[in-house]
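J.: next input, structure requested:
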Amino acid sequence: MGILHYGTDSKPIHIADRALAHLKVVVVAKLRRQESFTVSWQHPEEDGTGRSTIWLHPSIPVRFEFDEPNAPELNREWIEELAQSANALGGIQLISEHVGADAEA
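T.: Predicted coordinates for the structure are as follows:
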């Protein structure tokens, strides 16, 4: 389970390593272009029901921490879906991966 650290005093956000690796690609691309946006996700079952949203801004520190030492093979289709949602009014919706031709088997 990976961790997204956002800001200096925020509570760590736990996200599966594979999902975090894909999210990282989209977040870094947006922040590199000095774009602000939101990221939303549903809470894991062990945290109870609910969802959260954070506002990402280029001036606020962000750090991606992974449990796995090696980066996973990335699914281009999943990255494109996340990138499309990043450009929508609602921001990035951290959705589940749809396994397709580009995904790991």
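
J.: what count of nearby residues applies to the closest residue in space to residue 38 that isn't next to it in sequence?
T.: Taking CB to CB, 6 or more residues apart in numbering as the measure, residue 38 lies nearest to residue 91, with 3.1 Å between them; neighbours along the chain are not counted. (C-beta placed from N, C-alpha, C; glycine too.) Other residues near residue 91 come to 19 when the count uses other CB atoms under 10 Å.

J.: who are the neighbours in contact with residue 91?
T.: Residue 91 is in contact with 37-40, 53, 85, counting by CB atoms under 8 Å, 6 or more residues apart in numbering.

J.: got the CA coordinates for stretch 49-60 in CSV?
T.: Coordinates of each C-alpha in stretch 49-60 appear next as CSV, following Å, rounded to 0.1, in the frame of the first residue of the first chain:
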residue,chain,number,x,y,z
THR,A,49,-17.7,4.4,4.1
GLY,A,50,-17.2,7.8,2.6
ARG,A,51,-15.0,9.7,0.1
SER,A,52,-12.5,12.4,0.2
THR,A,53,-11.3,15.2,-2.2
ILE,A,54,-8.1,17.2,-2.0
TRP,A,55,-7.2,20.3,-4.0
LEU,A,56,-3.7,20.0,-5.6
HIS,A,57,-1.7,23.2,-6.3
PRO,A,58,1.8,23.5,-7.7
SER,A,59,3.0,25.4,-4.6
ILE,A,60,2.0,22.7,-2.1
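
J.: what's that stretch in contact with?
T.: If you take CB under 8 Å, 6+ apart as the criterion, stretch 49-60 is touched by 6-7, 10, 13, 27, 30-31, 34-43, 62, 91.

J.: try 7 Å
T.: Among residues not part of stretch 49-60, those counted as contacts by CB atoms under 7 Å, 6 or more residues apart in numbering are 6-7, 27, 31, 34, 36-43, 62.

J.: for the record, mean pLDDT for it?
T.: Averaging pLDDT along stretch 49-60 yields 92.

J.: ok, back up a step: can you turn the buried part of the contacts of residue 91 into a PyMOL selection?
T.: Selecting in PyMOL just the buried members of the contacts of residue 91, where the criterion is 16 or more other CB atoms under 10 Å, is done with this command:
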select buried, resi 37+38+39+85
